[in-house]
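Chemist: starting from these lines, generate the structure:
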Amino acid sequence: MKFPIVCLLCLLHSSLSSKLPVVINTWAFTNSTSAAWKVLTSNEGNYLDAIVEGCSVCEREQCDGTVGYGGSPDENGETTLDAFIMDGATMNIGAVAGLREIKDAISVAYHVLKYTRHTMLVGEHATEFALMMGFKRENLQTPKSLAIWRDWKDKNCQPNFWTNVLPNPEKSCGPYCPNTENTINEFWKVDDTKNNLFDEHNHDTIGMIAIDAEGNIGAGTSTNGATHKIPGRVGDSPIPGAGAYADNNVGAAAATGDGDIMMRFLPSFMAVERLRNGDSPASAAEYAMGRIIEHYPKFMGAIIVADREGNYSAACFGIDKFPYSVFKTGQESTVVEYVKYNGLYAVNSREYRLVDRRIVTLDVDIRNDTKRTFSLTKKIP
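Modeler: A predicted model of the protein is given here:
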């Protein structure tokens with residue numbers, strides 16, 4: 001029996017304004033970090049322009065196949081894009097979801113922020129908006145993405161995201177209809193590992209935070225979503241507070257992983273609010289992950305958190321060693337840092353540790369870290 005892999009927080013840096021500016025993004029997408037840093041520390045643009053350039057590099061480079069064109073084909077073989085950008089100084093947001101036939105998703109999202117009073121545009125209407133703004137219509141499919149799709153079709157559409165339908169989605173392709181005889185959704189049962197479709201190469205990504213020397217904060221995301229998703233699916237990346245969130249008064253966060261689960265908990269918003277309540281970036285990251293895995297022990301994901309002074313940290317779950325990229329004052333280039341597995345995570349005001357197939361808890365006073373009680377709470381099957 002495999003047990004949940006837990007990995008958490010790694011580094012907490014000294015609380016000094018001299019740590020600004022700083023750029024942090026999920027995964028080892030170092031070219032994106034360096035591109036954002038160049039904009040942030042030059043006369044080429046501001047902190048939001050840095051986010052756009054950093055994510056745009058990932059879109060052009062098709063980072064890990066999970067960002068930009070030519071990746072994550074849906075059930076029809078089409079690649080669609082989601083993106084999000086937030087200004088922590090004004091709380092303005094621009095986002096696109098299900099963007100079709102436009103490669104520059106983060107730039108289109110930025111145009112939504114700058115040129116409309118809306119927060120998000122979706123689907124073909126987002127494409128029409130992009131064309132109006134001067135973007136070029138282009139095919140987002142590539143020979144590689146179509147080969148991935150054809151191979152999936154040849155394997156009876158396995159794996160897929162359907163449940164409680166007929167014919168049996170574990171054995172055949174659709175079209176499907178509801179299975180009215182089975183009304184209990186067992187898709188996320190703890191021992192149902194075969195249906196965990198997200199991993200380090202299938203996730204909602206890239207998430208980026210940029211803080212300039214004056215403390216202005218931007219956050220953004222870009223992704224092509226989940227491979228073999230049901231057409232029309234939107235993940236966490238373009239959802240405010242899920243994929244990313246920023247507030248000049250306290251800091252920012254960006255998440256990556258199983259977007260369908262994360263958007264139910266708004267982990268980025270949750271982490272920023274924990275900063276507002278006085279938590280360190282470390283504690284805020286742990287708390288945000290803990291709230292998710294309390295309900296979904298098979299969840300795979302991670303979060304990066306930075307406060308307004310440039311202190312940062314990260315937490316993850318279901319990943320042996322989660323990489324994130326940092327370019328900060330005093331460095332000559334981007335550095336990839338890691339959150340490593342250590343068997344400990346926090347949820348609410350409790351610490352959980354995996355011990356001999358059991359989870360035991362230590363109640364903790366978050367304000368003074370005073371351990372108070374000890375109790376056995378849950379046995380892992």
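
Chemist: now do the SS call for Ala253.
Modeler: With DSSP: H, G, I helix; E, B strand; the rest coil as the basis, Ala253 sits in strand.

Chemist: and the gap between Gly318 and Ile217?
Modeler: Distance, Gly318 to Ile217, using C-beta to C-beta, to the nearest Å: 28 Å. Glycine gets a C-beta too; all of them are placed from N, C-alpha and C.

Chemist: between these two, tell me which one has more neighbours.
Modeler: For the pair Gly318 and Ile217, the greater number of neighbours falls to Ile217 (30 against 25), based on other C-beta atoms under 10 Å.

Chemist: quick one: contacts for the nearest residue to the more buried one once chain neighbours are set aside?
Modeler: Distances taken as C-beta to C-beta, 6 or more residues apart in numbering place Gly88 nearest to Ile217, at 3.4 Å, with adjacent residues excluded. Going by C-beta atoms under 8 Å, 6 or more residues apart in numbering, Gly88 touches 216-219, 246-248, 252.

Chemist: which residue ranges of the stretch 251-381 of the chain form strands?
Modeler: Here the stretch 251-381 of the chain has its strands, by DSSP state E, counting those that start in this stretch, at 251-257, 301-307, 312-317, 321-328, 335-340, 344-347, 350-355, 358-365, 370-379.

Chemist: export the contacts of Gly88 to TSV and tack on secondary structure, distance to Ile304 and pLDDT?
Modeler: Formatted as TSV, the contacts of Gly88 follow (DSSP: H, G, I helix; E, B strand; the rest coil; distance: C-beta to C-beta, whole Å; pLDDT from 0 to 100):
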residue	secondary structure	distance to Ile304	pLDDT
Asn216	coil	18	98
Ile217	strand	13	99
Gly218	strand	14	99
Ala219	strand	10	99
Ala246	strand	12	99
Asp247	strand	15	99
Asn248	coil	17	99
Ala252	strand	9	99
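
Chemist: buried subset of those?
Modeler: Listed as buried from the contacts of Gly88 are 216-219, 246-248, 252; burial here means 16 or more other C-beta atoms under 10 Å.

Chemist: ok, the residue nearest to Ile217 to Asn46 distance?
Modeler: The value you get for Gly88 to Asn46, if C-beta to C-beta is used, is 12 Å.

Chemist: give me the common contacts of those two.
Modeler: Asn216.

Chemist: ok so, going back, nearest to Met300, of the buried ones among the contacts of Gly88?
Modeler: Ala219 (21.4 Å; C-beta to C-beta).

Chemist: quick check: the closest one touching Ala242?
Modeler: No: at 11.5 Å, Ala219 and Ala242 do not qualify as touching, with contact defined as C-beta atoms under 8 Å.

Chemist: and Val108, what helix or strand is that in?
Modeler: helix 105-115 (DSSP states H and E).

Chemist: for that helix, name the packing helices and strands.
Modeler: helix 47-61, strand 81-87, strand 93-99, helix 123-132, strand 217-223 (3 or more C-beta pairs under 8 Å, 6 or more residues apart in numbering; DSSP states H and E).

Chemist: tell me the mean pLDDT over that helix?
Modeler: Here helix 105-115 scores 99 as its mean pLDDT.

Chemist: next, the angle from it to strand 93-99.
Modeler: If you take axes from the mean of the first three to the mean of the last three C-alpha atoms, to 10 degrees, helix 105-115 sits at 140 degrees to strand 93-99.

Chemist: mind listing what's buried along helix 105-115?
Modeler: The neighbour-count check on helix 105-115 (16+ other C-beta under 10 Å) flags 105-113 as buried.

Chemist: which other residues reach it?
Modeler: By C-beta under 8 Å, 6+ apart, helix 105-115 touches 48, 51-52, 55-56, 59, 68, 81-85, 87, 92-96, 99, 102, 118-121, 126, 129-130, 133, 135, 220-222, 238.

Chemist: how far off centre is it?
Modeler: 19 Å (C-alpha atoms, centre = their mean, to the nearest Å).

Chemist: and the helices in the stretch 151-300 of the chain?
Modeler: Along the stretch 151-300 of the chain, the stretches classed as helices by DSSP state H, counting those that start in this stretch are 259-262, 267-276, 281-293.

Chemist: before we move on, the earlier item: name the residues contacting each of Ala219 and Ala242.
Modeler: Common neighbours of Ala219 and Ala242 (criterion: C-beta under 8 Å, 6+ apart): Ser268.

Chemist: OK, contacts around the residue most central in space within the chain?
Modeler: Per C-alpha atoms, centre = their mean, the C-alpha nearest to the average position across the chain is that of Thr256, at 2.1 Å. By C-beta under 8 Å, 6+ apart, Thr256 lies in contact with 26-27, 203-207, 301-303.

Chemist: where's the dip in pLDDT among those residues?
Modeler: Among the contacts of Thr256, His203 carries the weakest pLDDT, at 47.

Chemist: quick one on the thing from earlier: between the buried ones among the contacts of Gly88, which is closest to Leu166?
Modeler: For the buried ones among the contacts of Gly88, the nearest to Leu166 is Ala219 (42.1 Å; C-beta to C-beta).
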